[in-house]
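>>> need a 3D model of the sequence below.
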Amino acid sequence: MNNNGQETPLGNILVVDDTPENLRLLSTMLIQRGYAPRCVINGQMALRACNSNPPDLILLDIMMPDMNGYEVCQHLKSEAKTREIPVIFISAKDEVFDKVNAFAVGAVDYISKPFQFEEVLARIESHLTLRKLQKQLTEQNVLLQEEINSRLAVEKVIHEKNTILQQEISTRRAVEQTLQEQNLILQQEIHNRQRAESALLKSNQELARSNAELEQFAYVASHDLQAPLATIASFAQLLEKRYQDRLDSQANKFIGNIVQGCTRMQTLIDDLLEYSRVGRSRKPFQPIDCNQVLEQAIANLQAVISDTQAVINYSELPVVTGDISQLIQLFQNLLGNAIKYRKATSPVVGITVCQHENKWLFSISDNGIGIAEQHQERIFQIFKRLHTQREYSGTGIGLAICQKIVERHGGSIWVESEPGQGSTFHFTIT
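Model (predicted):
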């Protein structure tokens, strides 16, 4: 039933015949069976009717004066709009050649006159049903293609299967068989991915264990080195104090080198201990006001800030969850680097923060010497230095400590910089 309460026709049938009596009989028969027939008396009218409102099926006579049925069918099959309309020839011509010619121009069936009503109706119903199934099959093919394209992991295999599918599918059984093959491929891909994820998890666990062992080793080694190092420094200073007048200038220089080396070694040990403590810390996280963190970091750097006349600009900072001592060290290391790696002018450091993907994104910018692109990932590795001790003092551990602190707080750290244009260090904290 349609919206007006009338029954919906079973199909729109175009009847083409130059004999009025045949048109009357066929249209009456079709109306009685629930179809909606349209009748035309020649080929030109048939083509116009198809272009304006394509029917579901065409009953076509062969022998007509202006254009015979073969020519009409050829025109229909040459146009994309009418190519898929089923054409059934109804003709008094009953020779095998006539039937072969009808199928050659694209007809789906051939009925000889005089025709039987039940035969005509049966063939119409059969071809309309077949066309409906073909349309459904085409729609299913489109949905199947979309599903296949979404599975990127097996895109090439599915594309090949879809090409075969588009060429060879003729029945619903073929579609189901192809889907079963694709599901097997997908299951294999899922299995492979699960194996890969398991291997990755195992590797991560081994890496975590190795890192823990390395931290323990660094802690023990650096802790045990402090006592003998202090002894060496003490005796060297004692030699310098007691025997300075008895030693020549070269010997005093050697003793001075020993003391300086011990000082640098002590700094390195302190930094190494600090690096190991980041991973060993079990202090629970608490809400931390980053304004207090920054104030303490600045206070710790007050001497170097005064000496270099550094300017630090910042606005209101948020409250985060974390370890306050580690966050102070994070800001102190980054601010200290911004001041250390300065140009001839006084350093200017800016601190900004914004929300990014449910995290706080902090950015610390400076007007310093900058970092070349090829070094920007290496600087976070432990003991990686880009300058000599004479150019810039340090141990090469500070940024590695920063990275470890940020990662313990669930974030990441990276740098954007150009030589001579300053640097901006970004890090995220939840």
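>>> low-confidence regions, the stretch 101-250 of the chain specifically.
Applying pLDDT under 70 to the stretch 101-250 of the chain flags the ranges 154, 158, 165, 203-204, 206-227, 229-230, 233, 235.
>>> 80 instead, please
150, 152-155, 157-160, 162-171, 196, 198-200, 202-250 (pLDDT under 80).
>>> just the stretch 251-400 of the chain next, same as before
In the stretch 251-400 of the chain (pLDDT under 80), the answer is 251-283, 374-376, 381-396.
>>> in it, which spans are helices?
With DSSP state H, counting those that start in this stretch as the criterion, the stretch 251-400 of the chain has helices at 290-300, 302-308, 324-340, 398-408.
>>> can you give me the buried ones in the longest one?
Which is helix 324-340. 324, 326-340 (16 or more other CB atoms under 10 Å). Glycine gets a C-beta too; all of them are placed from N, C-alpha and C.
>>> spatially nearest residue to Ile369 (excluding sequence neighbours)?
Tyr341 (5.2 Å; CB to CB, 6 or more residues apart in numbering).
>>> which residues touch that neighbour?
Taking CB atoms under 8 Å, 6 or more residues apart in numbering, we find Tyr341 in contact with Asp366, Gly368, Ile369, Tyr392, Ser423.
>>> what does Ser363 give?
Applying CB under 8 Å, 6+ apart, the residues near Ser363 are Gly350, Ile351, Thr352, Val353, Thr424, Phe425, His426.
>>> so how far is stretch 242-255 from its chain's centroid?
How far stretch 242-255 lies from its chain's middle: 67 Å, per CA atoms, centre = their mean, to the nearest Å.
>>> tell me which residues of it come out buried.
Ile255.
>>> grab the most central residue of the protein for me.
What sits nearest the mean C-alpha location of the chain, by CA atoms, centre = their mean, is Leu152, with 10.7 Å.
>>> any idea how far it lies from Glu189?
10 Å (CB to CB, to the nearest Å).
>>> again with Leu239
72 Å.
>>> okay, these two: which has more neighbours?
More crowded of Leu239 and Glu189, by other CB atoms under 10 Å: Leu239, with 17 against 14.
>>> circling back: show me which of the contacts of Ser363 are buried.
Buried among the contacts of Ser363 by 16+ other CB under 10 Å: Gly350, Ile351, Val353, Thr424, Phe425, His426.
>>> ok, the residues you listed vs Phe380, which is closest?
Distance to Phe380 across those (CB to CB) is lowest for Phe425, with 10.1 Å.
>>> closest to Ser198 out of the helices of the stretch 251-400 of the chain?
That would be helix 398-408 among the helices of the stretch 251-400 of the chain, by CB to CB, at 23.4 Å.
>>> strand partners (parallel or antiparallel) of the helix or strand following that closest one?
Using DSSP states H and E, the helix or strand that follows helix 398-408 in sequence is strand 413-417. When sheet partners are counted by DSSP bridges, strand 413-417 sits next to strand 423-429 (antiparallel).
>>> can you check what angle separates the strand it pairs with from helix 290-300?
140 degrees (axes from the mean of the first three to the mean of the last three CA atoms, to 10 degrees).
>>> got the angle for strand 423-429 vs helix 324-340?
170 degrees.
>>> pLDDT on strand 423-429, on average?
Summarised as a single mean, pLDDT over strand 423-429 is 95.
>>> and stretch 24-33, by the same measure?
Per-residue scores along stretch 24-33 average to 94.
>>> report the buried residues of that stretch.
Applying 16+ other CB under 10 Å to stretch 24-33 flags Leu25, Leu26, Ser27, Met29, Leu30, Arg33 as buried.
>>> residues making contact with it?
By CB under 8 Å, 6+ apart, stretch 24-33 touches 10, 13, 15, 17, 36-37, 39, 59, 90, 117, 120-121, 124.
>>> so how do I select the buried members of these in PyMOL?
Selection command for PyMOL covering only the buried members of the contacts of stretch 24-33, criterion 16+ other CB under 10 Å:
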select buried, resi 13+15+17+37+39+59+90+120+124
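>>> want to try TSV for the contacts of stretch 24-33, with distance to Gln374 and secondary structure as columns?
Listed next are those as TSV, based on distance: CB to CB, whole Å; DSSP: H, G, I helix; E, B strand; the rest coil:
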residue	distance to Gln374	secondary structure
Leu10	75	coil
Ile13	76	strand
Val15	80	strand
Asp17	83	coil
Ala36	76	strand
Pro37	80	strand
Cys39	82	strand
Leu59	78	strand
Ile90	81	strand
Phe117	87	helix
Val120	82	helix
Leu121	81	helix
Ile124	76	helix
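>>> can you tell me which of the contacts of stretch 24-33 is closest to Leu201?
Looking across the contacts of stretch 24-33 and measuring by CB to CB, the closest to Leu201 is Leu10, at 61.3 Å.
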